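Peer 1: turn this into a structure:
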Amino acid sequence: MHKYKLIYCAAALLFLIGFGFLSSVSAGEPVVWEMSSRAELLKGEAHGVSVTDNGVLTLAPRFNQLLNTEQPYVWSTAIDAAGNVYLGTGHDGKIFRVTTDGKGTLLYKASELDVTALAVGNDGALYAGTSPDGKVYRVTPDGKAEVYFDPNDKYIWSLAILRDGSLAVGTGDNGKLYRVRAAGAKPESSLLINTNQTHVMSLAVNQQGDLIAGTDPGGLVLRISADGKAFGLYDASLREIHALAPAPDGSIYALGLSESASINRSATPGAAAPPADASAVVTTITAMTAVDETGGVAQPQTPQPVRSRSDLSNARSAVFHILADGSSDVVWSSTSITGFSLVAARGGVLIGTSDKGRIYSVTNDGRDTLLVQSTEGQISSLLARGPEIFAASSNQGKLFQAGIPVVEEGSYESPVRDAKLVASWGRIWWRGTGPIELQTRSGNSERPDRTWSDWSAAYKDSSGSQIVSPKARFIQWRAVLRATVGVAPALDDVSVAYLPRNVAPEILSITTLPPGVALQPQIQIQIDPNIESAGLDPSMFGVIAQAPPRRVYQRGARSLQWQSEDRNGDSLEYAIYYRSLSETTFRLLKEHVRETFYTVDGASLADGRYVFKIVASDAPDNPPGYALAGERLSEPIDIDNSPPVIKVVGSPTVSGEKVHAVFDVEDATGRIKRADVSVDGGAWHEVFPEDGIADSQRERYTLELQIRGEGEHTISLRAYDNSNNVGSISLTVRR
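Peer 2: Got it, this is the predicted structure:
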C-alpha cells in the first residue's frame, strides 16, 4: 500500500492552501492573491485530492465508478454477506445488483416509481420498500419477487432486519413502525408502534440488537423495544433524522436535517422531473443545496465570530453522536452544506453531501476532511465493507467504490479570481513537498469557457515563475500532485501576483449647498503614521470612520460636496477650478485638496453665474507619468453679494390708525424671495408683494399698517434675495 496509504476515516491528509485575504491596494502596487482560507479552498474543484480541517491537500483515496444506472436517483442501498451491493433507484422503480467483481445488472423492476428502502434478510433475500403507495417486496437472488408486506401507508422510508430475522418497516405519512415476521402478514397484527410522528425516516439495529428509529418532523432518535416501547435517545433541534449509522462501540450517529433541507412530504416522489441543475433538485426524497461559490476580490473585514459546531441555530444539517451511556455530542454541523448519507468509520463518521457530491470524513472531536469529490450532484447513500466504501450518487445515479490506496495523480482547480480590471500577471510561487506542478489560465468572462486561454505549460519552479497566461480580468490556477515512492505530495500555499490596469478616477456627482452654508472639517481619528511607512494598508487595522464636515454659517459662502470613485482603490487628491458663464477658460481656485468638499468665499468673486470644475487625480498612489485624472463640472452657481435695494414710492398717508405705504424692492443679480415689516421696533411679520408671490428681480409692496397712539411712528421693511443678502429701509410717519 506504500507509505502514503490513506485511512479513509482519518483527517490526516496534508495540504495547506487557503485563500481569500486580499488587502485593498493601490494601482501602483501589485496584488498578491494567496490561498489561506479552507472555506474559500472548498469553493474550488478537487479531483483526486483531499482537504483536511486545517486546509491541507494531498492525494485522495481511489474513487472508481462501478456502475451507471442511467437513472436520475439512487435512493437506497444494501450489501449482502457475499459483498454484492444493491441499488434502489427512481423514477423507474428499478433495483440493480453489483457483484464483487464490479459488474452491475438489473435485478428487478417494481411497478412503483421509487425504491426508497432496501435490506438484506438473514436468508440472503432482498427486501425492497417502494413509494408512493408502495409495498415491501421480497426479491430472490434470481430476480423473482413477491409482495411481502402491503400496509396502507403512503411511503415506505426505511427497512431493517432484526436479530430474530423479522423485518422492521418504517413508514409515512402516519409515522408507523411495523415488525413483519412472515409474508402476507396483516398490518394490524404487525404494528409495533405508532410513533405519533409523520414519518419514520431511518432505521438501524445497533450492536446490542436494539432497533433505532429516526423521525420527522420531531427530529427524534428512538430506541424501540421488542414489545413496542419507545425510549427517546435524542431530541434534535433539527426537524428530520434522515440517516442512522451504528458504530462498533455501541454508539449511534444520527444525521439531522433542518426545515429548509428536509424532505418535502407534500408530493409523491417523482411528482416533478428533476431540473438540469443538480444543486436545485427538490423532490419528496431530497433537496439539493448549492454551496455559495461567489468569488470576487475579498476586502479586509472585521473577523466574524467563529461558529461552534454545537450552534445549530442556522444549521442546515448536523451529525449527532449518541454514546452507549446515553450522552450525546454534536460532531459536525453546517449552515450551507446538506448531508444526505452516513456511515460509521474508525474514530468518526463519513458524510455524503449535496456539496458537489462530496464525502467528508469527520472525527469524533469534530475535525472534518473533504475526503473525495465525485462527478455527480449528491452522495445519497454510503455503505462500508471492511476498509472499502461504496458511495451511491444521484443526478446521475451511479455507484462508486473508494478504497485505502490513494490515487497516483490528483488535481485541484482554484476558484476563479476576479482582478476587477484587466490585469498584468506577475509571478506564481508555492511551497510544498513532492512532485507538484501548477498551471494557469485567464479570460474575461466570469466562468471559464471557450473564450478563455488554454491551460499554460506547467510551472515547476516553486520559488516563482512568470505567469504566461494573457492579460485578462479573471485568472485561475490548477495544481497537479503526483505520487512517488516514499513521498506523499503536499502543497503549502500558492501565491499569484498581478497588477490591475490603472483606471482614471471618476467624480460621480457634485452637490451645491444653499448660500451661506460653509463646511468645516471635523476632528478625524488619526491613523498611526507608522502603518503607512511600513507599507501596510490602514484598513487592515480596522475601518477608519471619517466624520462628515460640520456645517456653519458664513455670509456669501457657496459650498461644494462631491462623490468620487477609483476602481483601483487609489488615494485621490482634488483640484477646484472656476469660470464665469461668459468666459471659456477655467482658473485654478485650490489644488491638492484631500477632502471631498470645499467652501468658496463668495465675497472674493464678482456677482454673476459660475461653473466649477472638480478634477480628481490618483497621483498620490502612482509613479510620475502613470497617474490619471477624471473631472466633472458643476451646474451653474449664482454668486450674489449685493443686497436688494428698497425705495419708498411716493409719500405714505395716515388715516386714523391706518398708514398706507408703498415700497419697490429690486435686486441686481438674483431675485427677491421674501420681505418682512416691523412697526415701531415690534416683531417682524412677513408681507407679500402686490402680485402675491415674491419671485422676481423687482417686486412692489403696498402695505396697510396699523399704528396706535399719536406722535411719530417708525415703519421698517427688510427684503431678502435668493442668496440670503438682506436690504432694509425705515421711514417715519406722524399721526
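Peer 1: look up phi and psi at P187.
Peer 2: Phi and psi for P187, reported as degrees, to the nearest 10, are phi -60, psi -40.
Peer 1: now do the contacts for it.
Peer 2: F149, D150, P151, N152, Y178 (Cβ atoms under 8 Å, 6 or more residues apart in numbering). Every C-beta, even on glycine, is put in place using the N, C-alpha and C of the backbone.
Peer 1: check P217 too.
Peer 2: Q197, T198, H199, R239, E240, S262 are the contacts of P217 under Cβ under 8 Å, 6+ apart.
Peer 1: save the residues you listed as JSON lines, and put in neighbour count too.
Peer 2: Output for the contacts of P217, formatted as JSON lines (neighbours: other Cβ atoms under 10 Å):
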{"residue": "Q197", "neighbour count": "24"}
{"residue": "T198", "neighbour count": "18"}
{"residue": "H199", "neighbour count": "28"}
{"residue": "R239", "neighbour count": "20"}
{"residue": "E240", "neighbour count": "28"}
{"residue": "S262", "neighbour count": "24"}
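Peer 1: how about the residues you listed, which pair is most distant?
Peer 2: Q197 and S262 (12.7 Å; Cβ to Cβ).
Peer 1: what is in contact with these two at once?
Peer 2: D216, P217.
Peer 1: elements contacting the helix or strand harbouring A243?
Peer 2: Element membership of A243, judged by DSSP states H and E, is strand 240-246. In terms of contacts (3 or more Cβ pairs under 8 Å, 6 or more residues apart in numbering; DSSP states H and E), strand 240-246 is packed against strand 199-205, strand 211-216, strand 220-224, strand 252-257, strand 339-345.
Peer 1: quick one: distance of it to the chain centre.
Peer 2: 29 Å (Cα atoms, centre = their mean, to the nearest Å).
Peer 1: what angle separates that strand from strand 211-216?
Peer 2: Strand 240-246 runs at 160 degrees relative to strand 211-216, counting by axes from the mean of the first three to the mean of the last three Cα atoms, to 10 degrees.
Peer 1: residues of strand 240-246 that come out buried?
Peer 2: Buried residues in strand 240-246, defined by neighbour count with 16 or more other Cβ atoms under 10 Å: E240, I241, H242, A243, L244, A245, P246.
Peer 1: does the fifth one touch L342 like I think?
Peer 2: To tie it back to what came earlier, the one meant is L244. Yes - counting by Cβ atoms under 8 Å, L342 is a contact partner of L244 at 7.2 Å.
Peer 1: mutual contacts of the two, please.
Peer 2: Joint contacts of L244 and L342 (Cβ under 8 Å, 6+ apart) are Y253, A254, L255.
Peer 1: distance of T714 relative to R734?
Peer 2: Separation of T714 from R734 (Cβ to Cβ, to the nearest Å): 11 Å.
Peer 1: quick one: which of those two has more around it?
Peer 2: T714 (14 against 9; other Cβ atoms under 10 Å).
Peer 1: can you redo the contacts of P217 as CSV with pLDDT and distance to E40?
Peer 2: CSV is the format used below for those (pLDDT from 0 to 100; distance: Cβ to Cβ, whole Å):
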residue, pLDDT, distance to E40
Q197, 96, 40
T198, 96, 39
H199, 97, 37
R239, 96, 30
E240, 97, 30
S262, 75, 28
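Peer 1: closest one of those residues to M35?
Peer 2: S262 (34.4 Å).
Peer 1: chain neighbours aside, what residue packs nearest to the closest one?
Peer 2: Nearest non-adjacent residue to S262, counting by Cβ to Cβ, 6 or more residues apart in numbering: E240, 4.1 Å away.
Peer 1: distance of that neighbour relative to L222?
Peer 2: Computed as Cβ to Cβ, the E240 to L222 distance reads 14 Å.
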